[in-house]
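*Asks:* I'd like to go over a predicted model; first the sequence, then the structure.
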Protein chains: 2
Amino acid sequence: MSLLVVGSVAIDNVETPLERRDNVLGGSATHFSIAASFFTGVRLVGVVGDDWPQQHTELLNGRGIDTSGLQIVPGGKTFTWTGRYEPNMNDRETLDVQLNVFGEFDPKLPESYRSAKYVFLANGVPGVQSKVLEQVPGRRLVVADTMDLWINIMRADLDALLKNLDGLVLNDSEAKLLTGSQNLVAAGRAVQRMGPKFVVIKKGEHGAMFFGEHETYVLPAYPTERVVDPTGAGDTFAGGMMGYLTEQDSFDAETLKTAMAYGIVAASFNVEGFGTERMQQLNREDIEKRMGDYRKMLSF
Amino acid sequence: MSLLVVGSVAIDNVETPLERRDNVLGGSATHFSIAASFFTGVRLVGVVGDDWPQQHTELLNGRGIDTSGLQIVPGGKTFTWTGRYEPNMNDRETLDVQLNVFGEFDPKLPESYRSAKYVFLANGVPGVQSKVLEQVPGRRLVVADTMDLWINIMRADLDALLKNLDGLVLNDSEAKLLTGSQNLVAAGRAVQRMGPKFVVIKKGEHGAMFFGEHETYVLPAYPTERVVDPTGAGDTFAGGMMGYLTEQDSFDAETLKTAMAYGIVAASFNVEGFGTERMQQLNREDIEKRMGDYRKMLSF
């Protein structure tokens, strides 16, 4: 099976109450791919400038991530995000964004990618997300992420995209913004009525909610005391979830719930290090071990 | 087995974005008792004025709640709380508090109560909570609740109380205030080091966390779209939890986790009506049915 992800590839500068780290490997497609790579091969589509360190590409390739869709723009600069986390490690302030080559991102899928069955459209301009879909005629499951910016300024494009999705992943404040509802259960159901067959609302340290055709459920986050850098946790969640679905080649109700749990477990590791550092230290066994702990935590 | 609760008995005036309701039966000991009454007999200790409607006492007695410890002060007025909920139904503003007879509350336990094995000290002045303990020599399990006010102004008394508790139940913002930690896992462990053998952090719509000697876990709230009035949800949670522990006459790790789940399920019903209205409509079967749904929600 094959999993395709389209999204940002970035260099982050991250400041937490304890430490500041510059030039950290980041971006939605990067975090997603690394999490998914524990389960399946991944085909990444993104764009970087020629300042992009070759070692990052090697790191991705070494994990079975196909980067033939990672366009390098000569003379361009890679997307950079600089942010600072509040002491609660949930709220953050964006100090600087340099879209650079990502601002003109017009994804063209290599021929070898077009047969992908599982597709994740990481957060990006909704019109561009829609254009990717046309290039994957054999798609079986399409899940997208979005953000407040597109809800506010590109609502019509987002509405059009929503009608073509199997699943939408978004965070709690975005779900409230998109629907005008303050109750997350009502918000999740309202988003579902906009098109996606299922909706996942990410609640950060409080876990995630699922709204499907026949069921609504909530799974808590795996509790960790060691929160070093939450950047990319949402994309890591999506990567774990989509990676597992691709591996199983199924997205029935039961498989979707287990996939959510893998996403939550993957995200719980991601926050334990800067950027993708903690994820790079893991193997599948580590994930399975924490998954076992997580299942045990939820049984009584 | 016998469960003793000491706490407030009140008349609430509640304003939500949809409705305002006056003279609603409220108070921590009231919500607690009604939730616990699905599992066990309850002995209530509290104080009211002679404005207290006799029908409320009859309601409690009809549920197997012993009110011989409910003192009626002649010429006194019952504690009244008036509050308004924000549109998110989580945040609320206290518009008025009339402590009245509760301000001079000095609980004296009837002789028949002193053999109680399971004790819940609902939110109250820590010094008064401690004085109750001396009157229950045969106590086997003592759990208390507290609030920001006592953390801020009666810290020494609270610290003394904490050393004598088996369990402490408090909400997330209170746990952060008590410990100075912004991470709830770290906060929960820090509270545990202050004395209680176990700590439960209530997270409202996000469920509850447990910190015991050997384990830490999180259980999500049962998702409900029908949030009418969250007043008393925390006390209802504690009542469901303590009621089940009393019924089982056990508080080993496994029983505690199941008890947490019953507390969460009870609280999910409580928010579906004003005051105790929804709880009054239920029977044990309704609770077991939702408990089954909750177990199913958490299995994958």
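*Replies:* Structure's in. What do you need?
*Asks:* The lengthiest helix in chain A vs chain B: in contact?
*Replies:* Criterion DSSP state H: the longest helix present in chain A is helix A:253-270. Yes: residues of helix A:253-270 contacting chain B under CB under 8 Å from any CB of the partner chain: A:254, A:257, A:258, A:260, A:261. C-betas here are computed from N, CA, C, even on glycine.
*Asks:* any idea how far the closest residue to the third one other than its chain neighbours lies from residue A:252?
*Replies:* So that's residue A:258. Of all residues not flanking residue A:258 in the chain, residue B:300 sits nearest, at 4.7 Å (CB to CB, 6 or more residues apart in numbering or on different chains). Distance of residue B:300 to residue A:252, computed by CB to CB, to the nearest Å: 12 Å.
*Asks:* Residue A:206 too?
*Replies:* Taking CB to CB, one finds residue A:206 at 26 Å from residue A:252.
*Asks:* just residue A:178 next, same as before
*Replies:* 27 Å.
*Asks:* If you count surrounding residues, which of the two has more?
*Replies:* Neighbour count, other CB atoms under 10 Å in any protein chain shown: between residue A:178 and residue A:252, residue A:178 has more, with 24 against 9.
*Asks:* which ones are touching the more buried one?
*Replies:* A:151, A:170, A:187, A:190, A:191, A:194 (CB atoms under 8 Å, 6 or more residues apart in numbering or on different chains).
*Asks:* Need those in CSV (columns: distance to residue B:228, secondary structure and neighbour count).
*Replies:* What follows is the contacts of residue A:178, written out as CSV (distance: CB to CB, whole Å; DSSP: H, G, I helix; E, B strand; the rest coil; neighbours: other CB atoms under 10 Å in any protein chain shown):
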residue, distance to residue B:228, secondary structure, neighbour count
A:151, 29, helix, 18
A:170, 27, strand, 26
A:187, 17, helix, 25
A:190, 19, helix, 18
A:191, 23, helix, 23
A:194, 26, coil, 16
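*Asks:* Helix or strand: which one has the residue nearest the centre of chain A?
*Replies:* Most central in chain A under CA atoms, centre = their mean is residue A:235, positioned 2.3 Å from the mean C-alpha point. For residue A:235, the element it lies in under DSSP states H and E is helix A:233-248.
*Asks:* Compute the distance from the centre of that helix to the centre of its chain.
*Replies:* Counting by CA atoms, centre = their mean, to the nearest Å, helix A:233-248 is centred 8 Å from the centre of its parent chain.
*Asks:* just to revisit the earlier point, restricting to C-alpha, output the longest helix of chain A in CSV.
*Replies:* C-alpha atoms of helix A:253-270 as CSV (Å, rounded to 0.1, in the frame of the first residue of the first chain):
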residue,chain,number,x,y,z
ALA,A,253,-14.9,1.7,12.2
GLU,A,254,-12.7,-0.6,14.3
THR,A,255,-9.5,0.1,12.3
LEU,A,256,-10.2,3.8,12.5
LYS,A,257,-10.4,3.7,16.3
THR,A,258,-7.2,1.7,16.6
ALA,A,259,-5.6,4.1,14.2
MET,A,260,-6.6,7.1,16.3
ALA,A,261,-5.0,5.4,19.3
TYR,A,262,-1.7,4.9,17.3
GLY,A,263,-1.8,8.6,16.4
ILE,A,264,-2.2,9.6,20.0
VAL,A,265,0.6,7.4,21.1
ALA,A,266,2.9,8.7,18.3
ALA,A,267,2.1,12.3,19.3
SER,A,268,2.9,11.5,23.0
PHE,A,269,6.4,10.6,21.9
ASN,A,270,6.8,13.6,19.6
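*Asks:* Quick one: work out the angle between it and helix A:233-248.
*Replies:* Here helix A:253-270 runs at an angle of 140 degrees relative to helix A:233-248 (axes from the mean of the first three to the mean of the last three CA atoms, to 10 degrees).
*Asks:* Now the element after helix A:253-270, going C-ward?
*Replies:* Following helix A:253-270 in sequence, per DSSP H and E, is helix A:277-280.
*Asks:* For that following helix, buried residues please.
*Replies:* A:278, A:279 (16 or more other CB atoms under 10 Å in any protein chain shown).
*Asks:* Give me the next element, helix or strand, following that helix.
*Replies:* Proceeding N to C from helix A:277-280, the next assigned helix or strand is helix A:284-297, under DSSP H and E.
*Asks:* which residues sit against that following helix?
*Replies:* Helix A:284-297 is contacted from outside by A:38-39, A:222, A:240, A:261-262, A:264-266, A:268-269, B:217-218, B:300, using CB under 8 Å, 6+ apart.
*Asks:* what does the stretch 51-200 of chain A put close to chain B?
*Replies:* Neighbours of chain B within the stretch 51-200 of chain A, by CB under 8 Å from any CB: A:87, A:88, A:89, A:182, A:183, A:184, A:185, A:186, A:189.
*Asks:* Can you say which of those are buried?
*Replies:* Listed as buried from these are A:89, A:183, A:184, A:185, A:186, A:189; burial here means 16+ other CB under 10 Å.
*Asks:* Mind putting those residues into TSV with secondary structure?
*Replies:* Converted to TSV, those look like this (DSSP: H, G, I helix; E, B strand; the rest coil):
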residue	secondary structure
A:89	coil
A:183	coil
A:184	helix
A:185	helix
A:186	helix
A:189	helix
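*Asks:* which of those lies closest to chain B?
*Replies:* Distance to chain B across these (CB to the nearest CB) is lowest for residue A:185, with 4.1 Å.
*Asks:* Which residues are in contact with the closest one?
*Replies:* Contacts for residue A:185 (CB under 8 Å, 6+ apart) come out as A:209, A:216, B:223, B:224, B:225.
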